[in-house]
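Undergrad: Here's my sequence, what's the structure:
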Amino acid sequence: MAYYAYVILGFDYDTYSLEGGTPYFLKAQAIVNNSQNAREKGWRSFQSERNRYWLVENVLNKSYSSFRSCMYSYHRKGLDIMSDKPEEGRANIANSLRDIQKVFRRKPSTYILQMFFDSKSSELVKIFSKSFPDERNRVLAILNEVDPSNGSKYEKISDNEGF
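TA: Numbers count the residues shown, from 1 in each chain. The predicted structure is shown next:
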């Protein structure tokens, strides 16, 4: 249970300050390293590309640091200001998606990308259904590239329907 607590805290603190969750992710990584001989599945790299090992590896891997930049910008510079400045918040979220695109172009099957879109795809539709046409088109181009499995969901953005 401690592993997940550290991961959740890591993601939470990453939304308040850039890479602010690092101490928690390092603790989660230490738990993974100490669990390499565990009988349960999900602790070793060779068992799957979508498990505890790869989650913390992806988050701490400097090759995917753009993901953590996205998490910070998306939440702190985007969602946190949307109630007062919706256009600015949306623009910042749109810009943060470029960081996700960088990770995707480096390695499309990265576990953290799947987790991001599993949790954010519906929210993205709601946010960008109210955006300006040129912003909507830019965001749709990125989303359709990096998350084609939710393409039918993202069509609602261009339909301007939202949820």
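Undergrad: so where do the helices sit in this protein?
TA: 2-14, 22-34, 52-60, 65-72, 86-106, 111-128, 133-146, 151-158 (DSSP state H).
Undergrad: what does the fourth one contact?
TA: Around helix 65-72, the neighbours that count as contacts under Cβ atoms under 8 Å, 6 or more residues apart in numbering are 11, 14-21, 58-59, 96-97, 99-100, 102-103, 110, 112-113, 116. From N, CA and C alone the C-beta is placed, and that goes for glycine too.
Undergrad: how about JSON lines for the helices of the chain, with distance to residue 45 added?
TA: Putting the helices of the chain into JSON lines (distance: least, Cβ to Cβ, whole Å) gives the following:
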{"stretch": "helix 2-14", "distance to residue 45": "15"}
{"stretch": "helix 22-34", "distance to residue 45": "9"}
{"stretch": "helix 52-60", "distance to residue 45": "5"}
{"stretch": "helix 65-72", "distance to residue 45": "19"}
{"stretch": "helix 86-106", "distance to residue 45": "18"}
{"stretch": "helix 111-128", "distance to residue 45": "11"}
{"stretch": "helix 133-146", "distance to residue 45": "24"}
{"stretch": "helix 151-158", "distance to residue 45": "30"}
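Undergrad: Residue 41: which of those helices is closest?
TA: Between residue 41 and the helices of the chain, the shortest gap by Cβ to Cβ is with helix 52-60, which sits at 9.5 Å.
Undergrad: follow-up on the earlier one: for the helices of the chain, please prepare TSV with the additional fields mean neighbour count and mean pLDDT.
TA: Output for these, formatted as TSV (neighbours: other Cβ atoms under 10 Å; pLDDT from 0 to 100):
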stretch	mean neighbour count	mean pLDDT
helix 2-14	17	95
helix 22-34	17	96
helix 52-60	22	95
helix 65-72	22	97
helix 86-106	18	97
helix 111-128	18	96
helix 133-146	16	96
helix 151-158	15	93
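Undergrad: Against residue 39, how distant is the residue nearest to residue 91 when sequence neighbours are not counted?
TA: Closest residue to residue 91 in three dimensions, ignoring its sequence neighbours and counting by Cβ to Cβ, 6 or more residues apart in numbering: residue 135, at 7.0 Å. Shown here: residue 135 relative to residue 39, a distance of 50 Å by Cβ to Cβ, to the nearest Å.
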